[in-house]
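Trainee: curious how this folds, go ahead:
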Amino acid sequence: MHPELANLAHLQDIEQQSSALAARRGEYSRRITARETAYNQAKLELEENKRALLQEVAGRKRMELDTGELREKMARYRAQLEAVQSEGQATALQHQITFCKQEIDRIEDLEFASLMKTESLETQQRTIHESLANLAQALEDEKAAAQLEQERDDAQQARLKSESKTLRSEIDPKLLAEYDRISAAHRPAVAQVERQRCSVCQMMVRPQQWNEIRAGALHFCESCGRFLYFNPPVDLSEAIHLPAPAKKPSRVASSPAKSPASRAGQDSPAQED
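Mentor: Numbering: from 1, shown residues only. Reported below is the predicted structural model:
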């Protein structure tokens, strides 16, 4: 590979790592924000729960006042009922007493329903308090983890910037300017040629150009304008020692089958002259 191309490819790798670290910084912030959102949502639920509980308590106080007034009316009507002179007055007072009793029963039913709802809200409040404690701990843990990871990334980012600065000083200024121009337009600026194709735009490279690139010449892709380089595959055949192939067992030569006549000649006794 051309030495300048090797430096440009290395520079591109360094800058891609630096960009990934910068993007990860935003990921840390998003994770903390998500934790804070969940915590604040739980706090809102707790506030709504408290308001609902206060409303139920205030509602029952009004119900108690209403039932108290109705019982006082019933007592007055009963007292008046003892002193009435006509049947019509007695009927009217009895109707009022019945109405007050029905209202008291209705309000007591509402009061019982309010007590049941209050019990449910109190259970929900205990659950929210537990959730808030867990979310608060998770938020603190997330902040601590993000701080440690950010410090690690900052140290790595500083190392990459120093390495990039050193490497840029070693590259030909004209090639570096062209590299920066291509990078600003569309990344990456350096592309590998694989199977006679630009690995980015997938356009074929002309045979003559392909041979020159493999020989280490500096060329640009005629389609996307990127620097092109060829990275030959590493031959590991000498480093890998494969076991010798097992020898096949030799077959024992089988004697030829004897004909029936020959077998008969062997089996029969010799004839005398």
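
Trainee: what's the spacing between the helix or strand containing Ala191 and its chain's center?
Mentor: Assigned by DSSP states H and E, Ala191 belongs to strand 190-194. Put simply, strand 190-194 sits 32 Å off its chain's centre (C-alpha atoms, centre = their mean, to the nearest Å).

Trainee: which residues does Leu167 contact?
Mentor: Taking C-beta atoms under 8 Å, 6 or more residues apart in numbering, we find Leu167 in contact with Asn7, His10, Leu11, Ile14. To be clear about C-beta, it is placed using only N, CA and C from the backbone, and glycine gets the same treatment.

Trainee: need these in JSON lines (columns: pLDDT and neighbour count).
Mentor: Below are the contacts of Leu167 laid out as JSON lines (pLDDT from 0 to 100; neighbours: other C-beta atoms under 10 Å):
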{"residue": "Asn7", "pLDDT": "92", "neighbour count": "20"}
{"residue": "His10", "pLDDT": "93", "neighbour count": "15"}
{"residue": "Leu11", "pLDDT": "93", "neighbour count": "22"}
{"residue": "Ile14", "pLDDT": "94", "neighbour count": "18"}
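
Trainee: make JSON lines out of those residues and add distance to Val193.
Mentor: Shown next, in JSON lines, are the contacts of Leu167 (distance: C-beta to C-beta, whole Å):
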{"residue": "Asn7", "distance to Val193": "18"}
{"residue": "His10", "distance to Val193": "17"}
{"residue": "Leu11", "distance to Val193": "19"}
{"residue": "Ile14", "distance to Val193": "21"}
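
Trainee: where does the chain dip in pLDDT?
Mentor: For the chain, the stretches with pLDDT under 70 are 186, 233-273.

Trainee: quick one: secondary structure of the most centrally placed residue in it?
Mentor: Computing the C-alpha centroid of the chain and ranking residues by C-alpha atoms, centre = their mean puts Arg31 first, at 10.5 Å. State at Arg31, reduced to three classes by DSSP: H, G, I helix; E, B strand; the rest coil: helix.

Trainee: how close does it sit to Gly68?
Mentor: 56 Å (C-beta to C-beta, to the nearest Å).

Trainee: circling back: from Ser162, how far off is the residue nearest to the centre of the chain?
Mentor: 28 Å.

Trainee: swap in Gln192?
Mentor: The value you get for Gln192 to Ser162, if C-beta to C-beta is used, is 26 Å.

Trainee: and those two? which has more neighbours close in?
Mentor: In terms of neighbours (other C-beta atoms under 10 Å), Gln192 is the more surrounded of Gln192 and Ser162; the figures are 18 against 10.

Trainee: I figured that one hits Ser199, correct?
Mentor: Yes. Gln192 is within contact range of Ser199, at 4.7 Å (criterion: C-beta atoms under 8 Å).

Trainee: next structured bit after the helix of greatest length in the chain?
Mentor: Longest helix in the chain by number of residues (criterion: DSSP state H): helix 87-170. Where DSSP H and E defines the elements, the next helix or strand beyond helix 87-170 is helix 173-185.

Trainee: so what secondary structure elements neighbour that following helix?
Mentor: Where contact means 3 or more C-beta pairs under 8 Å, 6 or more residues apart in numbering; DSSP states H and E, helix 173-185 is packed against helix 3-83, strand 227-229.

Trainee: just want the angle from the first one to helix 87-170.
Mentor: Angle of helix 3-83 versus helix 87-170, following axes from the mean of the first three to the mean of the last three C-alpha atoms, to 10 degrees, is 170 degrees.

Trainee: centre of the chain to helix 3-83, how far?
Mentor: When distances are taken as C-alpha atoms, centre = their mean, helix 3-83 is centred 24 Å away from the chain's centroid.

Trainee: and that helix with helix 173-185, angle?
Mentor: 30 degrees.

Trainee: can you start the count at 221 instead of 1 from here on
Mentor: With the count now opening at 221, the last piece we talked about shows up as helix 223-303.
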